[in-house]
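K.L.:
can't give you the sequence, but here's the structure:
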């Protein structure tokens, strides 16, 4: 339950408690008021009617007696009737129009007064309290009180809900900013609210996100530098292997061949050893070329990015018969226009992804898709391997390197996977 709703509920409960207490106090007073009012009315009526009906002349004249009773039809709080053998001539006050539960709460026990008619017959004029009018008045007042209090509650709750919502507006912005920060987006800024406490929190959060944004930018810059430095070192090492190791191996091979030619027929054992040295030199040369290819693919500089990537995929298919990697290229010319750093980063991402498939994926097929349109580039690598839990990135799968190269490209990386559902890596960069 939100804070706004909790405050509204608390205020409603307080108003309800006040309503119950006020209603209880009002009903108690109303009960006493009804009893006092109708009792006083009955006593006054008996005192006024006793001299009138004690008159023997009126008492003996039945017509005048009943006519006198009819003139009391406006009596309040009373039932007045003449007790006779063949019936009763009476004037009754109206019955209460209030709800039965309210009548039961405020109605006082009825009281009866008798006035003896002066005609020597022993007849009596009965006066009985009837609080109907008073109860109706009290019910009108009580209903007005409850209605006004309910309207006050409704207005107060509405004002409180709107006001608290306005006060707490920065809370939603703070939560959204924290969610963005959790996803690595520190660009948001929270506007301070009207409350001093919220203003202080917003200011501290803005300073905190600014620090995180600065740290992230610095980390991204260092990551890009690290990737560039690593590639430069690889390029330098590949050049050194090609220039120094390659020349040395070529010299060893040439010397071994020359020795074998001179000693053949005179010292076959030494000639055979020289031939063997040449063969070993060839093997070393092959390993060196393989190392140079991994460090810096020569085809990337000689034939371009697409040809180098196609060559790597073909070589991977030759070495991994249990799986097959297909490729789909669109917008080839735009990839050729990429700068060398972006090309080598894309090349390394595909290389690392295929290595992961070979080592961990156990996939039957892999698909590499490259597309470019209006300098917006997309790379998708999908397989049908065993996948992994997306929330728990396994160590040793090279995903850190892929993310670093994605950052170097200023791109967006999505990895969709689940146990038994394969892995889909999608990278987009460019404008």
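P.N.:
Right, received. Where do you want to start? Keep in mind that this is a model prediction, so the values were computed, not measured. Numbering: from 1, shown residues only.
K.L.:
now do the helices in the stretch 151-300 of the chain.
P.N.:
Taking DSSP state H, counting those that start in this stretch as the test, the helices found in the stretch 151-300 of the chain are 169-182, 196-240, 246-263, 268-295, 298-302.
K.L.:
dump the ones you listed into JSON lines; add mean neighbour count, distance to residue 343 and mean pLDDT as well.
P.N.:
Bear in mind the C-beta positions are built from the backbone N, C-alpha and C, glycine included. Output for these, formatted as JSON lines (neighbours: other Cβ atoms under 10 Å; distance: least, Cβ to Cβ, whole Å; pLDDT from 0 to 100):
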{"stretch": "helix 169-182", "mean neighbour count": "15", "distance to residue 343": "32", "mean pLDDT": "78"}
{"stretch": "helix 196-240", "mean neighbour count": "14", "distance to residue 343": "10", "mean pLDDT": "79"}
{"stretch": "helix 246-263", "mean neighbour count": "15", "distance to residue 343": "24", "mean pLDDT": "83"}
{"stretch": "helix 268-295", "mean neighbour count": "15", "distance to residue 343": "15", "mean pLDDT": "81"}
{"stretch": "helix 298-302", "mean neighbour count": "15", "distance to residue 343": "7", "mean pLDDT": "73"}
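K.L.:
Throw these into JSON lines and include distance to residue 136, thanks.
P.N.:
Formatted as JSON lines, these follow (distance: least, Cβ to Cβ, whole Å):
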{"stretch": "helix 169-182", "distance to residue 136": "50"}
{"stretch": "helix 196-240", "distance to residue 136": "53"}
{"stretch": "helix 246-263", "distance to residue 136": "115"}
{"stretch": "helix 268-295", "distance to residue 136": "101"}
{"stretch": "helix 298-302", "distance to residue 136": "100"}
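K.L.:
residue 362: which of those is closest?
P.N.:
For residue 362, the closest of these is helix 268-295, at 23.3 Å, according to Cβ to Cβ.
K.L.:
returning to that earlier point: of the helices of the stretch 151-300 of the chain, which is nearest residue 355?
P.N.:
By Cβ to Cβ (comparing all of these), the closest turns out to be helix 268-295, at 10.5 Å.
K.L.:
run the chain-centre distance for that closest one.
P.N.:
Its chain's C-alpha centre and that of helix 268-295 lie 65 Å apart, by Cα atoms, centre = their mean, to the nearest Å.
K.L.:
cool, stretch 250-264 as well?
P.N.:
Distance, centroid of stretch 250-264 to centroid of chain: 77 Å (Cα atoms, centre = their mean).
K.L.:
ok, stretch 213-233 next?
P.N.:
34 Å.
K.L.:
so what touches it?
P.N.:
By Cβ atoms under 8 Å, 6 or more residues apart in numbering, the residues outside stretch 213-233 that reach it are 184, 186, 187, 296, 341, 344, 345, 404, 405, 407, 408.
K.L.:
now do 6 Å
P.N.:
186, 344, 404, 407, 408 (Cβ atoms under 6 Å, 6 or more residues apart in numbering).
K.L.:
now residue 266: phi and psi?
P.N.:
Here is the backbone geometry of residue 266 (degrees, to the nearest 10): phi -110, psi -40.
K.L.:
so how far is residue 260 from it?
P.N.:
11 Å (Cβ to Cβ, to the nearest Å).
K.L.:
list residues touching both of these two?
P.N.:
With Cβ under 6 Å, 6+ apart, residue 266 and residue 260 have no common neighbours.
K.L.:
coming back round to it: kindly state which of the helices of the stretch 151-300 of the chain is positioned closest to residue 329.
P.N.:
Of the helices of the stretch 151-300 of the chain, nearest to residue 329 by Cβ to Cβ is helix 298-302, at 15.2 Å.
K.L.:
I'd like the next helix or strand past the closest one.
P.N.:
helix 305-319 (DSSP states H and E).
K.L.:
that next one - contacts with which helices or strands?
P.N.:
When contacts are defined as 3 or more Cβ pairs under 6 Å, 6 or more residues apart in numbering; DSSP states H and E, helix 305-319 packs onto helix 298-302, strand 324-330, helix 332-336.
K.L.:
for the second one, buried residues please.
P.N.:
Residues 325, 327 are the ones in strand 324-330 that count as buried (16 or more other Cβ atoms under 10 Å).
K.L.:
helices or strands up against that strand?
P.N.:
helix 305-319, strand 365-373.
K.L.:
distance to residue 243 for the helices and strands packed on helix 305-319 - can I get that in a markdown table?
P.N.:
As requested, the helices and strands packed on helix 305-319 are exported to a markdown table (distance: least, Cβ to Cβ, whole Å):
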| stretch | distance to residue 243 |
| --- | --- |
| helix 298-302 | 13 |
| strand 324-330 | 33 |
| helix 332-336 | 27 |
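K.L.:
where among the ones you listed is the average confidence lowest?
P.N.:
When the helices and strands packed on helix 305-319 are compared by mean pLDDT, helix 298-302 comes last with a mean of 73.
K.L.:
distance between that helix and the chain's centre?
P.N.:
Worked out by Cα atoms, centre = their mean, helix 298-302 lies 50 Å from the chain centre.
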